[in-house]
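S.K.: Starting from these lines, generate the structure:
(2 chains)
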2 protein chains.
Amino acid sequence: MKKIILEKKFKLIDNYWTPAVVGELNGQYIKLAKFKGEMVWHSHENEDEFFQVIKGYIVIHLRDKSVTLNAGECFIVPRGVEHKPEAEHEAEVMIFEPKVTAHTGTTKSELTVDIEKQLWI
Amino acid sequence: MKKIILEKKFKLIDNYWTPAVVGELNGQYIKLAKFKGEMVWHSHENEDEFFQVIKGYIVIHLRDKSVTLNAGECFIVPRGVEHKPEAEHEAEVMIFEPKVTAHTGTTKSELTVDIEKQLWI
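M.R.: Sure, this is the predicted structure:
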């Protein structure tokens, strides 16, 4: 039962697109990630995914539109919806998703990080 | 699938201690609330509760310690743990908890707001 200081946690993150688990509750993980560049297109069959931009801005591309999220803005990608996050400049993002969520869904990419490598709790 | 702009949503909230549901995912709600003054002591038997301070600062009193959370800081109150949030000045807070979570647990108070009155989605 310690507080999570987002600024301090983000300082520990060196690699882009590599979420770090900083909390766990009700079968869900709280993760922090730095985004820069483009992720791969992917979807999660059974998991909804919440993104909150803490610093900078990102774009979440969907097949029919692109949503720009600035700091203080959030977006939920529903299960099954293909998406590709992108960040022109480094951005800091908080993610809520079920513990069982695979990083890039059924899409395997060199950016894929297995959950064992995301565990920081 | 619309983005959630926290600043705009908080402007719509007039009452303290009255969470507004702004998102739903994986059986959980994303809620926003303004805190000012003292909540009642309560606990949630089966639900963990995540607090993130967006603006201002709050104190979460536990029976054995008190945790001050400034903007950009988060805390998870595990299920079954008695807690009493407090805010000396108005603070803006994001909460992430299961849909079934009762506002003040099994404690009924004049501050209790039933879930039907929290629904803004």
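
S.K.: which stretches of chain A aren't confidently modelled?
M.R.: Residue ranges of chain A with pLDDT under 70: A:121.

S.K.: Buried by neighbour count: which residues of whichever strand in it runs longest qualify?
M.R.: Counting by DSSP state E, the longest strand found in chain A is strand A:83-98. Neighbour-count burial for strand A:83-98, with 16 or more other Cβ atoms under 10 Å in any protein chain shown as criterion, is recorded at A:83-87, A:91-98. C-betas here are computed from N, CA, C, even on glycine.

S.K.: near chain B, which residues of chain A?
M.R.: Residues of chain A lying close to chain B by Cβ under 8 Å from any Cβ of the partner chain are A:1, A:3-7, A:22-28, A:30, A:47-50, A:52, A:54, A:62, A:67, A:69, A:72-78, A:81, A:94, A:96-98.

S.K.: ok, now which ones touch the residue nearest to the spatial centre of chain A?
M.R.: Nearest to the mean C-alpha position of chain A, by Cα atoms, centre = their mean, lies residue A:95 at 4.6 Å. Contacts here follow Cβ atoms under 8 Å, 6 or more residues apart in numbering or on different chains; on that basis residue A:95 touches A:19, A:29, A:30, A:31, A:32, A:33, A:49, A:50, A:51, A:52.

S.K.: one step back: quick one: the longest strand of chain A to chain centroid distance?
M.R.: 5 Å (Cα atoms, centre = their mean, to the nearest Å).

S.K.: And stretch A:35-49, by the same measure?
M.R.: Using Cα atoms, centre = their mean, the offset of stretch A:35-49 from its chain centre is 8 Å.

S.K.: what do you get for stretch A:59-71?
M.R.: With Cα atoms, centre = their mean, you get 13 Å for stretch A:59-71.

S.K.: which other residues reach it?
M.R.: A:41, A:51, A:53-58, A:75, A:77, A:81-88, B:1, B:3.

S.K.: Try it again at 6 Å.
M.R.: A:53, A:55, A:57, A:58, A:75, A:82, A:83, A:84, A:85, A:86, B:3 (Cβ atoms under 6 Å, 6 or more residues apart in numbering or on different chains).

S.K.: same check, this time on stretch A:15-29
M.R.: Counting by Cβ under 6 Å, 6+ apart, A:4, A:9, A:13, A:30-34, A:36, A:96, A:98-99, A:111, A:113, A:118-121, B:48, B:50, B:76, B:98 sit against stretch A:15-29.

S.K.: Could you rerun that using 7 Å?
M.R.: A:4, A:9, A:13, A:30-37, A:39, A:95-99, A:111, A:113, A:118-121, B:26, B:28, B:47-48, B:50, B:74, B:76, B:98 (Cβ atoms under 7 Å, 6 or more residues apart in numbering or on different chains).
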